[in-house]
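1. what's the 3D shape of this:
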Amino acid sequence: MIEIINSIRKYNFWDDNPIDLGYPRTFYTDKIGQYIGNKLVKVLVGQRRAGKSYILRQIASKLISEGVLRENILYINKEYMELATLRSAVELEELYKAYRQSFNPTGKVYIFIDEIQYIDEWERFVNSHSQDFAEPCELFISGSNSNLLSGELATLLSG
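-> Predicted coordinates:
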């Protein structure tokens, strides 16, 4: 998993990489920003190619500008080929552990998972980490398939 951490460095904010933030979508980032700081999972759903990835990256960038350490943000996009082998909640947990081992973040970790529907049983990972008081996390997820767009989403996430 350390190899995957190294391969996704270019998509994360860890090394002052230039990250494409796209056109500012302040309406959405401000709206979501009202809910930052609690255990609620922030969920962006919508059609493909509508800008959800940009919004997630803009929120992460805003957190950094407000003082969150770069190493406390993990951005995962399942559409990147580097993550093609990441298929289950168990593998996602292994990736998260490798991230924690590599960066040893202190305080709350902000996890962004884009196109989460491509990870089997993703809700197990999300529910576990959104409620973890020993290693606090705040989760932001996006998806675009019919399961995430339907009312089924509320039953997958507890709380």
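2. Centroid-nearest residue for the protein?
-> Phe112 (1.0 Å; CA atoms, centre = their mean).
3. confidence score at that one?
-> Among the per-residue scores, Phe112 shows a pLDDT of 98.
4. Next: Val109.
-> We have a pLDDT of 97 for Val109.
5. so how far is Arg70 from it?
-> Distance of Val109 to Arg70, given as CB to CB, to the nearest Å: 12 Å. Backbone N, C-alpha and C define where each C-beta goes, glycine included.
6. Neighbour count for the two, which is higher?
-> Val109 (23 against 16; other CB atoms under 10 Å).
7. thought that one was touching Asn72?
-> Yes. The criterion here is CB atoms under 8 Å, and Val109 meets it with Asn72 at 5.3 Å.
8. quick one: secondary structure of Ile76?
-> Here Ile76 is recorded as strand under DSSP: H, G, I helix; E, B strand; the rest coil.
9. how about low-confidence regions in this protein?
-> Residue ranges of the chain with pLDDT under 70: 146-159.
10. could you pull out the helices for it?
-> Under the criterion DSSP state H, helices of the chain are mapped to 2-7, 26-33, 52-65, 89-103, 122-130, 146-149, 152-156.
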